[in-house]
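Undergrad: Sharing a sequence plus its predicted fold:
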Amino acid sequence: MSGIQITTFGHTSFSREGQPLTWTAVSARDLLQYLLSFPDGRTRAQIIDGLWNQDDTAQTNNHFRVTLHRLRGTLGAHDTVEEDSGRYHLSPDMWRHTDIYAFHRSLIEAERTGPEGSIPALHRAVLYYRGPFLTDVTAEWVACPRSEHQAAFTQAQLDLGAAQCVRGACQEAVTCLTQALRLDPYLDEAVHERFMACLSVVQGTSAALEHYRRYMNLLQREFSALPALPTWQLAQRLQSGASVCPRVEGQAPLHRAADQSPLAPSSHCHGNLRRLITEDLLRQSISPTFSLSFVERTTAGVKVVWNGTPRLLSFQLEATRLRSDSGSVEEVELWSSLGDDLVIQLSRVWNGPGAWQIQRWC
């Protein structure tokens, strides 16, 4: 898979060592684009219905197998597309070669810092998003991931604008808010208020009031409504010549939505892609001098000794699976973070004494 590069934002391209991939069938390229839209994978029936609008029959199943074989051949390896519990998805290494991975990795890196510290990561994120997702695809199944990617980019612009406002970079803040409102003029009214305030500092009161008039006309035309009272009051203060700079007045930055990312209706990056990015970030940040030397189950949770310091952890249930090859064994996998530096996976084996044991840590 060396040299593979997949671009999905603004324009779509699939290349190896800078040269476009050669497709033996259009259906293989379509399957790759479909899998890029569903990081947690899709079943064979869902793929056949989504791509070809057909039922899962012997004939369509054969068409799927041939298409999958051609896709794997074009990508250079069988393991580029994996199957797990009946769901087909791209391998972790394939995801690492996409601008989707780079975009969301930057967003997740930004989540871990304060407003000013997030600026480099947010800059990278907005640079990766060069335009709508898979612009050459017109099928219905692309509409949802496309809108969700755009929502994540819009949120990144809001976050970057807030961070620039904190550091007094007023022109940069206005630029970010302009981009966000251009993509989604129906954003929360607090965004319009902040934009008016920042615009008044950079371009003057008349520009801020002009935005207020355009926004008021939009609400009247689309919803037969008027701006909320705080927005109207801000416009009155602007007309009176008052200074409304949010930074000078000590106003808090716009709310930064945690865990923002598309790929799910909730706009949270979850499942395979988020776990992959989180594990990659943790793996690169862990010092080899850290050691996890002891673990035991207690009534309050799980106790570990990390670098000689006892810590009590609570775990969220992540997955359950059965292994019948060696008897009736049920493993419950649990993940937890120890600060921002360590993720531990434990497994409880029910045919034993019920003790917890470390399965992996990174």
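TA: On my side now, so go ahead.

Undergrad: residue ranges for the strands of this structure, please.
TA: 4-7, 13-16, 19-20, 42-43, 81-84, 87-90, 292-298, 301-306, 309-313, 316-323, 329-338, 342-349, 356-361 (DSSP state E).

Undergrad: mean pLDDT for these: which is lowest?
TA: Set side by side, the strands of the chain differ in mean pLDDT, and strand 316-323 is lowest with a mean of 39.

Undergrad: what is the rounded mean pLDDT of the top helix by length along the chain?
TA: What stands out as the longest helix in the chain, according to DSSP state H, is helix 143-166. The pLDDT scores in helix 143-166 average 91.

Undergrad: buried stuff in it?
TA: Burial within helix 143-166, assessed by neighbour count using 16 or more other Cβ atoms under 10 Å, is assigned to 145-146, 148-166. C-betas here are computed from N, CA, C, even on glycine.

Undergrad: Return that helix as CSV; C-alpha atoms alone will do.
TA: Provided in CSV are the C-alpha atoms of helix 143-166 (Å, rounded to 0.1, in the frame of the first residue of the first chain):
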residue,chain,number,x,y,z
ALA,A,143,-25.5,13.5,1.0
CYS,A,144,-25.4,12.7,4.7
PRO,A,145,-21.6,12.3,5.1
ARG,A,146,-21.1,15.3,2.8
SER,A,147,-23.2,17.6,5.0
GLU,A,148,-21.6,16.2,8.1
HIS,A,149,-18.1,16.9,6.9
GLN,A,150,-19.1,20.4,6.0
ALA,A,151,-20.6,20.8,9.5
ALA,A,152,-17.3,19.8,11.0
PHE,A,153,-15.4,22.3,8.8
THR,A,154,-17.9,25.0,9.8
GLN,A,155,-17.3,24.2,13.5
ALA,A,156,-13.6,24.2,12.9
GLN,A,157,-13.9,27.7,11.5
LEU,A,158,-15.9,28.8,14.5
ASP,A,159,-13.3,27.3,16.9
LEU,A,160,-10.5,29.0,15.0
GLY,A,161,-12.3,32.3,14.9
ALA,A,162,-12.8,32.1,18.7
ALA,A,163,-9.2,31.3,19.3
GLN,A,164,-8.1,34.2,17.1
CYS,A,165,-10.4,36.5,18.9
VAL,A,166,-8.8,35.5,22.2
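
Undergrad: for that helix, packing partners?
TA: If you count contacts as 3 or more Cβ pairs under 8 Å, 6 or more residues apart in numbering; DSSP states H and E, helix 143-166 packs onto helix 99-111, helix 119-128, helix 170-183, helix 189-202.

Undergrad: Any chance of those helices in CSV with mean neighbour count and mean pLDDT as columns?
TA: Below are those laid out as CSV (neighbours: other Cβ atoms under 10 Å; pLDDT from 0 to 100):
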stretch, mean neighbour count, mean pLDDT
helix 99-111, 22, 91
helix 119-128, 19, 91
helix 170-183, 19, 94
helix 189-202, 22, 93
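
Undergrad: Next one: the closest residue to T205 other than its chain neighbours from A102, what distance?
TA: Using Cβ to Cβ, 6 or more residues apart in numbering and skipping residues adjacent in sequence, the residue nearest T205 is L238, 5.1 Å away. When Cβ to Cβ, to the nearest Å is applied, the distance between L238 and A102 equals 40 Å.

Undergrad: What of I277?
TA: Distance of I277 to A102, given as Cβ to Cβ: 10 Å.

Undergrad: Same question for A125.
TA: 8 Å.

Undergrad: quick one: contacts for E83?
TA: Not one residue lies near E83 by Cβ atoms under 8 Å, 6 or more residues apart in numbering.

Undergrad: ignore the last one, S37
TA: The neighbours of S37, taking Cβ under 8 Å, 6+ apart as the test, are 133-134, 141-142, 145.

Undergrad: one more time with 7 Å, if that's ok
TA: S37 is in contact with 141-142, 145, counting by Cβ atoms under 7 Å, 6 or more residues apart in numbering.

Undergrad: Same check on I119?
TA: 160, 163.

Undergrad: if we can go back for a sec, same list (the contacts of S37) but as TSV, adding distance to H11.
TA: Formatted as TSV, these follow (distance: Cβ to Cβ, whole Å):
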residue	distance to H11
W141	20
V142	15
P145	16
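
Undergrad: in stretch 80-99, what's buried?
TA: 80-81, 87-92, 94-99.

Undergrad: Give the burial count for the residue lying closest to D84 once chain neighbours are set aside, as a bare number.
TA: Once flanking residues are discounted, D84 sits nearest to G41: 6.9 Å by Cβ to Cβ, 6+ apart. Per other Cβ atoms under 10 Å, the neighbour tally for G41 reads 20.

Undergrad: mind checking how far G41 is from G76?
TA: Relative to G76, G41 is positioned 20 Å away (Cβ to Cβ).

Undergrad: same question, V166
TA: As judged by Cβ to Cβ, V166 and G76 stand 46 Å apart.

Undergrad: How about A242?
TA: Distance from A242 to G76, by Cβ to Cβ: 63 Å.

Undergrad: got it, and H97?
TA: 11 Å.

Undergrad: Hmm, I47 and Y34 touching each other?
TA: Yes: when contacts are counted by Cβ atoms under 7 Å, Y34 is listed as touching I47 (6.4 Å).

Undergrad: if you count what's nearby, which of these two comes out ahead?
TA: Per other Cβ under 10 Å, whichever of Y34 and I47 has more neighbours is I47, with 24 against 20.
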